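Requesting a structural model of the entry that follows:
(one chain, ligands or ions: 1)
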Amino acid sequence: MKKVLITGGAGYIASHTNIELLKGEHELVLIDNFINSSAEALERVQELSGRSITFIKVDLLDSAALDSVFVQHPTIDSVIHFAALKAVGESVEKPLDYYTNNITGSLNLYSAMKKHDVRKIVFSSSATVYGDPDEIPVKEDAPIRATNPYGHTKAMMEQILMDTAKAEDWSVALLRYFNPVGAHDSGQIGEDPNYPNNLLPFVSQVAAGIREKVVIFGDDWDTPDGTGVRDYIHVTDLAKAHVKSLEKLANSSGIHIYNIGTGRGYSVLEMVKAFSEACGHKIPYEIGPRREGDIAEVTGNPAKAKTELGWQAELGLNEMVESAWKWQSQNPHGYNS
Ligand code: WQD
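Take a look at the predicted model:
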């Protein structure tokens, strides 16, 4: 049994990753401050997996509390670092909150790893570090051109980690997620944001009648139907990429960067239509103005993850929207249902 410390361990991506890790020889120690997650998710992960987990409520800005986690668990073998604020729009309004939480929190984590000689880490990064890439599907060697404070924090956390890994001989996997969507096929865990900043949770709440209509941010983009195109990936496929990454780090030192996407893009209108078919009724929408900072299209080239991790996305658009609708239907008010 290898012990894995998971920051942001109660969150959306982490919960789905925990399910996949608990299928294997992993013992999980989760930390979270519940700023954008729920303790209920921890209960459901244990119910679904039939295994227990260790949870400690810790804010990464509390370096003493973070250090005591490593003292209490001296056999921590690796870390998966999910904890971060991640709403692009909010990062523009509150940049200092984002730099403080994401960068200082990561510096505390990396320092604790160094102090306790933990040398393997999988980092939750984001395709947003590429900004508006020159070439799509984008490859891992594309220039880093973040265009918002959130994206800058992810790029900085990557750079700090790469420099530290070189100095300390750590094994690092940087996973650049595209657009995670969907939910575990049980419908028992899923995305439960404080506010639905992203498309799918918003569409889901409109489908459930919680919100009135979807506003499509522009239909005059240079795309086939004029609406934005993104590389949506089922969260369970994304979760499996983390398991494959830990396996890779068990035998490889150095830094490994992977795009975790499908390589296939869908437009906003295609997503709304697919969700309508999943929920069985039309979803009201209107065309509104473009959103500040948005780009027309971005998809990822996942070839490197396939070659080096033996990973590729397996679930398609129907599984993405049907699982999202099942989670929404079974949990109209998320984990507070
Ligand atoms: C998707 C498409 C919008 C909402 C962001 C972050 C990225 C990652 C995923 C954290 C775009 C359109 C959206 C709505 C709309 N997050 N849209 N109406 O912006 O591609 O990526 O979230 O890691 O880092 O950058 O995701 O879901 O916000 O937007 O028309 O109410 O849906 O214009 O084309 P995005 P999104």
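
can you pull the contacts of residue 192?
Residue 192 is in contact with 12, 37-38, 41, 331, 334-335, counting by CB atoms under 8 Å, 6 or more residues apart in numbering. Glycine gets a C-beta too; all of them are placed from N, C-alpha and C.

Residues of this protein that sit close to the ligand?
86, 88, 126, 128, 177, 179, 197-199, 202, 214-217, 228, 230, 268, 291, 294 (CB under 6 Å from any ligand atom).

hmm, which of those are the buried ones?
When those are checked for burial by 16 or more other CB atoms under 10 Å, the buried set is 86, 88, 126, 128, 177, 179, 198-199, 202, 214, 216-217, 228, 230, 268.

Just list the residues touching the residue in the stretch 201-337 of the chain positioned nearest to the ligand, thanks.
Using CB to the nearest ligand atom, the single residue of the stretch 201-337 of the chain nearest to the ligand is residue 228, 2.2 Å away. Contact analysis of residue 228 by CB under 8 Å, 6+ apart lists 217-218, 221, 267-268, 294-297.

re earlier: inside helices: which ones of the contacts of residue 192?
12, 41 (DSSP state H).

Give me the mean pLDDT for the helix or strand hosting residue 71.
Assigned by DSSP states H and E, residue 71 falls within helix 63-72. Averaging pLDDT along helix 63-72 yields 98.

by contact count, what packs against it?
Applying 3 or more CB pairs under 8 Å, 6 or more residues apart in numbering; DSSP states H and E, we find helix 63-72 packed against strand 26-32, helix 105-115.

For the longest one, which residues meet the burial criterion?
Across helix 105-115, burial judged by 16+ other CB under 10 Å covers 105-110, 112-113.

what's the angle from the very next helix or strand once past it to helix 105-115?
Next along the chain after helix 105-115, taking DSSP H and E as the criterion, comes strand 120-126. Here the directions of strand 120-126 and helix 105-115 differ by 170 degrees (axes from the mean of the first three to the mean of the last three CA atoms, to 10 degrees).

List of residues touching strand 120-126?
8, 13, 77-82, 84, 86, 110, 113, 150-151, 154, 157-158, 161, 170-177, 242, 245-246, 249-250.

Among these, which ones are in helices?
13, 110, 113, 150-151, 154, 157-158, 161, 242, 245-246, 249-250.

Considering the contacts of residue 192, which possesses the most neighbours?
residue 41 (26 neighbours; other CB atoms under 10 Å).

My guess is it contacts residue 335. True?
Yes: with contact defined as CB atoms under 8 Å, residue 41 counts as touching residue 335 (6.0 Å).

Can you mark which positions in stretch 237-254 are buried?
237-246, 248-249.

want to throw these into CSV with distance to residue 259 and pLDDT?
Shown next, in CSV, are those (distance: CB to CB, whole Å; pLDDT from 0 to 100):
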residue, distance to residue 259, pLDDT
237, 13, 99
238, 11, 98
239, 16, 98
240, 15, 98
241, 10, 98
242, 14, 98
243, 17, 98
244, 14, 98
245, 13, 98
246, 18, 98
248, 15, 98
249, 18, 98
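
Now do the domain split for this structure, please.
Here the domain parsing of the chain from automatic domain parsing is 2-182+232-261, 199-230+264-300+316-336.

what mean pLDDT does the last one have?
The one in question is domain 199-230+264-300+316-336. 97.

Show me how far that domain is from its chain's centre.
Relative to the mean C-alpha coordinate of its chain, domain 199-230+264-300+316-336 is positioned 18 Å out (CA atoms, centre = their mean, to the nearest Å).

Residue 15: what secondary structure?
helix (DSSP: H, G, I helix; E, B strand; the rest coil).

which residues touch the helix holding residue 71?
With CB under 8 Å, 6+ apart, helix 63-72 has contacts from 5, 29, 31, 56, 58-60, 76, 108-109, 111-113, 115-116, 118.

Just the CA atoms of that helix, as PDB, please.
What follows is helix 63-72, C-alpha atoms only, in PDB (Å, rounded to 0.1, in the frame of the first residue of the first chain):
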ATOM      1  CA  SER A  63       2.000  25.900   7.200                       C
ATOM      2  CA  ALA A  64       2.100  24.500  10.800                       C
ATOM      3  CA  ALA A  65      -1.100  22.500  10.300                       C
ATOM      4  CA  LEU A  66       0.200  21.300   7.000                       C
ATOM      5  CA  ASP A  67       3.500  20.200   8.500                       C
ATOM      6  CA  SER A  68       1.700  18.200  11.200                       C
ATOM      7  CA  VAL A  69       0.000  16.200   8.500                       C
ATOM      8  CA  PHE A  70       3.400  15.000   7.300                       C
ATOM      9  CA  VAL A  71       4.500  14.400  10.900                       C
ATOM     10  CA  GLN A  72       1.400  12.300  11.600                       C
END
